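K.L.:
Let's see this in three dimensions:
(chains A and B)
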2 protein chains.
Amino acid sequence: MSGQDHIAWIAADWGTTNLRIWALDAANTTVLHKASARGMSTLAPDEFEAALLELIDECLSENRTTPVIICGMAGSRQGWREAPYRETPCAPPGVGNATIMEPVDPRLSVYILPGIKQTAPADVMRGEETQIAGFLSDHHSYTGLICLPGTHTKWVVLEEGIITRFRTCMTGEVFALLKNKSVLQHSLAQEGYCDTSFEAAVKEITRSPERLTSELFGIRASSLIAGQTPEAATGRLSGLLIGAELAAVASEFDLQNTAILGKDQLSRVYGAALGILGHQSALLDAESYTVKGLTLAYEAHLKETK
Amino acid sequence: MSGQDHIAWIAADWGTTNLRIWALDAANTTVLHKASARGMSTLAPDEFEAALLELIDECLSENRTTPVIICGMAGSRQGWREAPYRETPCAPPGVGNATIMEPVDPRLSVYILPGIKQTAPADVMRGEETQIAGFLSDHHSYTGLICLPGTHTKWVVLEEGIITRFRTCMTGEVFALLKNKSVLQHSLAQEGYCDTSFEAAVKEITRSPERLTSELFGIRASSLIAGQTPEAATGRLSGLLIGAELAAVASEFDLQNTAILGKDQLSRVYGAALGILGHQSALLDAESYTVKGLTLAYEAHLKETK
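P.N.:
Have a look, this model is predicted:
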């Protein structure tokens, strides 16, 4: 027996910019967690297996196959192989809908979970459905709104555990582009932002969301001629963009009592913005739900293969 | 006499990305036009004179100085030297407000025209005020709205030839960032766009401008799952952004009978969007007004130095 025989399977969240893996034992306890920057966008299809092995080689045993359950953008058209979407309304898809890969390395068996699509209005998700599956294992038959903040923030309506509608907003990506690539870069703080300025911007733009387009350049102008600090400028940009996002989703969804599944800092910002508008929200850790969702898929796989 | 003695002065429009010059004779007829990509953003303050000489050296005569009148971002804080702003309400500033440089080359005398600032809401322009001065020489005491489309589109209210209010929208820069740097790049056509898709997007977003934020990612999703063509995707992105801009400025200004000062293609797109909303507009060539505005400044300079 090799020293790795206590590792029963590998969970992987393979996004656009990062690959994160967890090695778990037969009791589904994480014994190792690793990450790399070899996300989907950096890899050609024939490079995925090597990128995965780089992280997990030490977890594999000879003479048996270790299942690897993957969610996220690795299953997109630009990824390892396109894993077909399930369509709303649907429960988060399980391993029975996974795309089974045939890796070159005989120590591996690889399953890529599908994403979810919505026909009208057109929308897609990959990865968030697995976090939602994990969330539902703690909140059976949940009915309500879930916000999953990120580069592409998802707002998802669940009705008794079924994903009925969702909406993606590119706010995180637009913020990063404006902060790093636009004329506003000269005005913004690299780190930190002013809460007061954030709060004022959220209030202002949710009252008059049609003004988003005409308010952005004012951030530059206020720095040039009105002594606005970099921290105030960053707070204002963040408040305008997240406030406009809330105005957009409020036209479709009831924002009261939103469950926010995300990382600490970004979740807190969304929670603060909802609070400014008088909406309560609960902050929940997305990463643990990712592992939970992948664990559910692994357990279903075990049952299937018994 | 050298062969360049017929050149009386040089007009220069020095923007963020380009430097364009016109050499004119004593009758203010253009005898030479040249351009380079040595815009303000590519130059340190001590590199401006050399970048200018690269283009105009052949126009200069020994034993006398040739005036160079400059408008645009060369006068910004990141430019050759900051030319202080005039403040609204004001007429377009003339050469009497110019910053006079002392170039190393004795064949040159250099004047940088000021920009205009507005305190509340904070806004700035550099270059457009000179185009407006040129426009006013053909339309004395104009009262109405002028749109100057570009990377940072300006909407300017004139009352009897006085600039009373203006608003900058970063629509052009945001469009370029989304087209070239965001996840939408995979969905968009590099050239050309679909008019029908543009028109539908303008109508849709001006009816519900709060939805801009939530509509952008749908462009990607429609390409992935609904067979949207690249040309339709580009038309939709352009229509959403310009439509949202029109909704924003319509909340401040009367868009009826707008004079559009710009380049052919971009002016036509703005004119089309205004037309879809039932507003008439007139398309006017910005470049000729830039030269006219600089010519007015040169003539004032002549009078002053006589």
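
K.L.:
is the helix or strand where A:E129 lies up against chain B anywhere?
P.N.:
Element membership for A:E129 (DSSP states H and E) is helix A:128-138. No: using C-beta under 8 Å from any C-beta of the partner chain, helix A:128-138 never reaches chain B; the gap is at least 12.9 Å. To be clear about C-beta, it is placed using only N, CA and C from the backbone, and glycine gets the same treatment.

K.L.:
Mind giving me the packing neighbours of that helix?
P.N.:
strand A:144-148, strand A:153-159, strand A:258-262, helix A:286-305 (3 or more C-beta pairs under 8 Å, 6 or more residues apart in numbering or on different chains; DSSP states H and E).

K.L.:
Tell me which residues are up against the longest one.
P.N.:
Residues from elsewhere that reach helix A:286-305 (C-beta atoms under 8 Å, 6 or more residues apart in numbering or on different chains): A:9, A:11-13, A:22, A:24, A:28, A:30, A:67, A:69, A:71, A:92, A:94-96, A:98, A:111, A:113, A:127, A:129-135, A:137-138, A:148, A:261-263, A:267.

K.L.:
distance between it and the chain's centre?
P.N.:
17 Å (C-alpha atoms, centre = their mean, to the nearest Å).

K.L.:
circling back to that earlier point, drop anything exposed from the contacts of helix A:286-305.
P.N.:
Buried members of the contacts of helix A:286-305, counted by 16 or more other C-beta atoms under 10 Å in any protein chain shown: A:9, A:11-13, A:22, A:24, A:28, A:67, A:69, A:71, A:92, A:94-95, A:98, A:111, A:113, A:127, A:129-135, A:148, A:261-262, A:267.

K.L.:
where's the closest residue to chain B within the stretch 1-150 of chain A relative to B:A91, distance?
P.N.:
Proximity of the stretch 1-150 of chain A to chain B (C-beta to the nearest C-beta) peaks at A:A122, 4.0 Å away. Distance of A:A122 to B:A91, computed by C-beta to C-beta, to the nearest Å: 50 Å.

K.L.:
So which of the two has more stuff around it?
P.N.:
Legend: neighbour count by other C-beta atoms under 10 Å in any protein chain shown for A:A122 and B:A91, higher for A:A122 (19 against 16).

K.L.:
what's near enough to touch that one?
P.N.:
Applying C-beta under 8 Å, 6+ apart to A:A122 gives the contacts B:G218, B:A221, B:S222, B:L224, B:I225, B:A226, B:Q228.

K.L.:
Tally up the residues packed near the closest residue to A:S137 other than its chain neighbours, please.
P.N.:
Distances taken as C-beta to C-beta, 6 or more residues apart in numbering or on different chains place A:K292 nearest to A:S137, at 5.6 Å, with adjacent residues excluded. Other residues near A:K292 number 20, with proximity taken as other C-beta under 10 Å.

K.L.:
In JSON lines: the contacts of A:A122, plus pLDDT, secondary structure and neighbour count.
P.N.:
As requested, these are exported to JSON lines (pLDDT from 0 to 100; DSSP: H, G, I helix; E, B strand; the rest coil; neighbours: other C-beta atoms under 10 Å in any protein chain shown):
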{"residue": "B:G218", "pLDDT": "98", "secondary structure": "helix", "neighbour count": "23"}
{"residue": "B:A221", "pLDDT": "97", "secondary structure": "helix", "neighbour count": "20"}
{"residue": "B:S222", "pLDDT": "98", "secondary structure": "helix", "neighbour count": "21"}
{"residue": "B:L224", "pLDDT": "95", "secondary structure": "helix", "neighbour count": "19"}
{"residue": "B:I225", "pLDDT": "95", "secondary structure": "helix", "neighbour count": "16"}
{"residue": "B:A226", "pLDDT": "96", "secondary structure": "coil", "neighbour count": "14"}
{"residue": "B:Q228", "pLDDT": "97", "secondary structure": "coil", "neighbour count": "21"}
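
K.L.:
Name the nearest of those residues relative to B:D5.
P.N.:
B:Q228 (60.3 Å; C-beta to C-beta).

K.L.:
Got the phi and psi for the closest one?
P.N.:
Main-chain torsions, B:Q228, degrees, to the nearest 10: phi -60, psi 130.

K.L.:
which strands and helices sit next to the helix or strand hosting A:I163?
P.N.:
If you go by DSSP H and E, A:I163 is part of strand A:162-169. Applying 3+ C-beta pairs under 8 Å, 6+ apart, one finds that strand A:162-169 makes contact with strand A:116-118, strand A:123-125, strand A:153-159, helix A:230-250, helix B:212-225.

K.L.:
re earlier: mind checking pLDDT for the residue of the stretch 1-150 of chain A closest to chain B?
P.N.:
What the model reports for A:A122 is a pLDDT of 98.

K.L.:
Return the distance of it relative to B:H301.
P.N.:
Counting by C-beta to C-beta - A:A122 and B:H301 are separated by 58 Å.

K.L.:
What is the neighbour count of A:E160?
P.N.:
10.

K.L.:
Name the nearest residue to it, sequence neighbours excluded.
P.N.:
Per C-beta to C-beta, 6+ apart, closest to A:E160 is A:S141, 4.6 Å.

K.L.:
got the helices and strands packed on helix A:128-138 as JSON lines, with mean pLDDT and distance to B:R211 columns?
P.N.:
As requested, the helices and strands packed on helix A:128-138 are exported to JSON lines (pLDDT from 0 to 100; distance: least, C-beta to C-beta, whole Å):
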{"stretch": "strand A:144-148", "mean pLDDT": "98", "distance to B:R211": "17"}
{"stretch": "strand A:153-159", "mean pLDDT": "98", "distance to B:R211": "13"}
{"stretch": "strand A:258-262", "mean pLDDT": "97", "distance to B:R211": "19"}
{"stretch": "helix A:286-305", "mean pLDDT": "92", "distance to B:R211": "26"}
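
K.L.:
ok so A:L32 is a strand residue?
P.N.:
Yes: assessed by DSSP: H, G, I helix; E, B strand; the rest coil, A:L32 belongs to a strand.

K.L.:
how about the nearest residue to it, chain neighbours excluded?
P.N.:
Residue nearest to A:L32 in three dimensions, not counting chain neighbours: A:A23, with 4.1 Å by C-beta to C-beta, 6+ apart.

K.L.:
partners of that neighbour in the sheet?
P.N.:
Applying DSSP bridges to A:A23 gives these bridge partners: A:I10, A:L32.

K.L.:
ok, and the closest non-adjacent residue to A:T66?
P.N.:
A:T66 sits nearest to A:L60 (C-beta to C-beta, 6+ apart), 5.4 Å away.
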